[in-house]
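Visitor: Quick one: sequence plus predicted model below, questions after.
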Amino acid sequence: MDSTAQVNGKAQIDYTQDTLFGPLAKHAECQVSVRHEPDGLVLKVLQPLPDDLHHAQTVVFALEGKRTSAVVKDHKRLSDHSLRLELETQ
């Protein structure tokens, strides 16, 4: 996939959150848009999305038969109520 290509679809997202009792694993199925950028990967998660996804430290998602594992570098809620996650793939 080149740096300007964008892939859209429904993805199974597994994500972890750090808690006082250790990592907590969660999962959700969401409509997403994935785009490769020079400094990493951008995952845009569309509504409806899990209330706590913006607290994720790591994500693993499957889209179009490809599974991607990444660390969340930054997150931002957008004006359309979607969530933009900047990822560093592992």
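Guide: Arrived safely, thanks for sending. Everything numeric in this text was worked out from a predicted model, so none of it was measured.
Visitor: Now do the strands in the protein.
Guide: Secondary structure of the chain (DSSP state E): strands located at 6-19, 22-37, 40-45, 58-63, 66-77, 83-89.
Visitor: burial count for residue 54?
Guide: 16 (other Cβ atoms under 10 Å). In short, each C-beta sits where N, CA and C put it, glycine included.
Visitor: I'd assumed residue 75 was in contact with it.
Guide: Yes - checked against Cβ atoms under 8 Å, the pair residue 54 and residue 75 is within contact range at 4.9 Å.
Visitor: Next, show the common contact partners of the two.
Guide: residue 83 (Cβ atoms under 8 Å, 6 or more residues apart in numbering).
Visitor: ok, now which ones touch the residue nearest to residue 50 when sequence neighbours are not counted?
Guide: Closest residue in space to residue 50, ignoring its immediate chain neighbours: residue 28 at 4.7 Å, by Cβ to Cβ, 6 or more residues apart in numbering. Residue 28 makes contacts with 12, 13, 15, 49, 50, 53, as judged by Cβ under 8 Å, 6+ apart.
Visitor: Could you turn the buried ones of those residues into a PyMOL selection?
Guide: The buried residues among the contacts of residue 28 can be selected in PyMOL (16 or more other Cβ atoms under 10 Å) with this line:
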select buried, resi 13+15+49+50+53
